[in-house]
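K.L.:
Need the 3D shape of this:
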Amino acid sequence: MVALSNGNADIQKVGLKDYFVAAFNPINLGVGKPDPKMFHAGAQALGVLPEEILHIGDDPHLDVLAAQRAGLQAVWLNREEKLWTHEVHPAPFTVSSLKVLCEAWPQ
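P.N.:
The predicted structure is shown next:
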């Protein structure tokens, strides 16, 4: 997994570093979401093509639409059951929690 954040979340400080190959943010990459470079950096860190990645995010614009525009597949993590307000079609997959996503993922 790769962490992509526009914030200052530090996967090392929160004890999640061992679960991620890399972490990118505007400070260490020079760009943030929705810039495709952010998503492509994640693909490069994993050694895969963008279309082979499933990006999970809670922001319709910065995560879902931006990931799709960068060539990734996307899941909208919609914890608050918000309505999709963008003219572009919503993510092909919407989940209310990461638990729901894990339960739906084929083993």
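K.L.:
And the residue nearest to residue 67 when sequence neighbours are not counted, what's its pLDDT?
P.N.:
In space, and not counting its chain neighbours, residue 67 is closest to residue 55: 3.8 Å by Cβ to Cβ, 6 or more residues apart in numbering. For every residue, glycine as well, the C-beta is placed using N, CA and C. Predicted confidence (pLDDT) for residue 55: 95.
K.L.:
correct me, but residue 55 touches residue 71?
P.N.:
No: the criterion here is Cβ atoms under 8 Å, and residue 55 misses it with residue 71 at 10.2 Å.
K.L.:
can you pull out the strands in the protein?
P.N.:
Taking DSSP state E to define them, one finds strands in the chain at 2-4, 22-24, 54-57, 73-77, 93-95.
K.L.:
from the ones you listed, which stretch is densest packed?
P.N.:
Mean neighbour counts were compared across the strands of the chain using mean count of other Cβ atoms under 10 Å; the top stretch is strand 73-77, at a mean of 21.
K.L.:
And that one, what does it pack against?
P.N.:
Packing partners of strand 73-77 (3 or more Cβ pairs under 8 Å, 6 or more residues apart in numbering; DSSP states H and E): strand 54-57, helix 66-69, strand 93-95, helix 98-104.
K.L.:
Just send the strands of the chain back as a markdown table, with distance to residue 101 too.
P.N.:
Written out in a markdown table, the entries for these read as follows (distance: least, Cβ to Cβ, whole Å):
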| stretch | distance to residue 101 |
| --- | --- |
| strand 2-4 | 16 |
| strand 22-24 | 20 |
| strand 54-57 | 7 |
| strand 73-77 | 6 |
| strand 93-95 | 5 |
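K.L.:
circling back: spit out the residues that contact residue 55 and residue 71 alike.
P.N.:
Between them, residue 55 and residue 71 share the neighbouring residues residue 39, with contact defined by Cβ atoms under 8 Å, 6 or more residues apart in numbering.
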